[in-house]
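In: how would this look folded up:
(one chain, ligands or ions: 2)
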Amino acid sequence: MATEAKPAAPTEDPVKLAEFEARCDRGETIEPKDWMPEKYRRQLTRMMSQHAHSEVVGMLPEGNWITRAPNLRRKMCLIAKVQDEGGHGLYIYCGTETLGTDRAELIDQYLYGTAKYSSIFNYPTLTWADIGVIGWLVDGAAIVNQTMLAHASYGPYARAMIRICKEENFHKRQGYELCATLARGTPAQKAMVQDAVNRWWWPSLMMFGPHDTNSPHSADLLRWKVKQKSNDDLRQRFVNLTVPQAQAIGLTLPDPDLKLDQATGDWKFGEIDWSEFNAVIAGNGPMNRERIAARRKAHEEGAWVREAAAAYAAKHQPAAGQAA
Ligand SMILES: [Fe+2]
Ligand SMILES: [Fe+2]
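Out: Numbering: from 1, shown residues only. Ligands and ions are numbered 1, 2, ... in the order given. Now for the predicted structure:
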């Protein structure tokens, strides 16, 4: 039957689909030229490009503090971290392109369309302590997620994650060390870092996405081994890792319901304010408009660089084949 009219609802060859799913079940890696269901390609393109956008937009809240770092060592760490995040974005855009969508189009969807990026970057960085807390909690949450993704069924994504996780570990350590330093500093420094933890804790938990029961893409991603663990499992792992880290440096987490379940070893936590999460996702977080405006401005002001690079590449291309 005619299936070529619209790409919206692909009807997959059941034999190929079964073979593909068997490969995923066996833990094989899917490579760009392998057959894959259209839905897998689309879900991955959405997920990977969203990840790339998040890396790039994530440079903004921290970049804001580079000129105000309190000493040279902190400034070097922060510059290196922000630069790493830009590199992660470019690396993941390259990985996404292997699925067949051009990077320029992906960036267009994000700057002028409806593509999303992580909700966490729509919060402001109000004090220097926020830089430490972002490294500790935000990069810490990213590591939990990305360590799982290093085993994703799609080869280019999994390989990108292995490399990126090494840098994320540095990001988290420098952040935690900054928090530990402030926590044992003057009363004002300790109060500043505690305040930053209070503001970033819940948004960090939201980074793992909605509850499993409310996560529309999770079932496919789990079945096809893009994800190996659910949002709620990853969130629990992050809480279990982070509570002892907070205790070790004498900081508290702003959740009166936080308590250790002796039977399971899990730290049980209170209910997340999903209305806040939904508002941020819908574009109404504290910094959504500023972030997208800053990215558009940078993209538009960089147009001449892209044009110059394209002109240079064209000039150095052997003239064969193309009628101009
Ligand atoms: Fe990153
Ligand atoms: Fe990072």
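
In: Could you measure from Ala115 over to ligand 1?
Out: Distance of Ala115 to ligand 1, computed by C-beta to the ion, to the nearest Å: 18 Å. C-beta here means a position set from N, CA and C on the backbone, and glycine is covered the same way.

In: Tell me, how many residues neighbour that residue?
Out: Ala115 has 16 neighbours, counted by other C-beta atoms under 10 Å.

In: so what's it up against?
Out: Going by C-beta atoms under 8 Å, 6 or more residues apart in numbering, Ala115 touches 46, 49-50, 53, 106, 109.

In: now, among those, which is nearest to Lys190?
Out: Of all those, Lys190 sits closest to His53, with 35.2 Å by C-beta to C-beta.

In: Might one say that the closest one is in contact with Tyr110?
Out: Yes. At 4.5 Å, His53 counts as touching Tyr110 under the criterion of C-beta atoms under 8 Å.

In: then the lowest-mean-pLDDT helix or strand in the chain to PDB, C-alphas only?
Out: None of the helices or strands of the chain scores lower by mean pLDDT, DSSP states H and E than helix 218-223, at a mean of 87. Taking C-alpha atoms only, helix 218-223 is exported to PDB below (Å, rounded to 0.1, in the frame of the first residue of the first chain):
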ATOM      1  CA  SER A 218      10.200   6.600  28.000                       C
ATOM      2  CA  ALA A 219       8.600   3.300  27.000                       C
ATOM      3  CA  ASP A 220      10.100   3.300  23.500                       C
ATOM      4  CA  LEU A 221      13.500   4.600  24.700                       C
ATOM      5  CA  LEU A 222      13.700   1.900  27.300                       C
ATOM      6  CA  ARG A 223      12.500  -0.900  24.900                       C
END
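
In: So which residues of the stretch 151-300 of the chain form strands?
Out: 259-260, 267-268 (DSSP state E, counting those that start in this stretch).

In: which stretch among those strands comes nearest ligand 2?
Out: strand 267-268 (23.6 Å; C-beta to the ion).

In: Packing partners of the least confident helix or strand of the chain?
Out: helix 38-57 (3 or more C-beta pairs under 8 Å, 6 or more residues apart in numbering; DSSP states H and E).

In: how about the residue of the stretch 151-300 of the chain found nearest ligand 2, what does it touch?
Out: Here the stretch 151-300 of the chain gets closest to ligand 2 at one residue, His171, 3.7 Å apart by C-beta to the ion. Residues counted as contacts of His171 (C-beta under 8 Å, 6+ apart) are 81, 84, 135, 139.

In: Pull the most distant pair out of those residues.
Out: Asp84 and Gly135 (11.3 Å).
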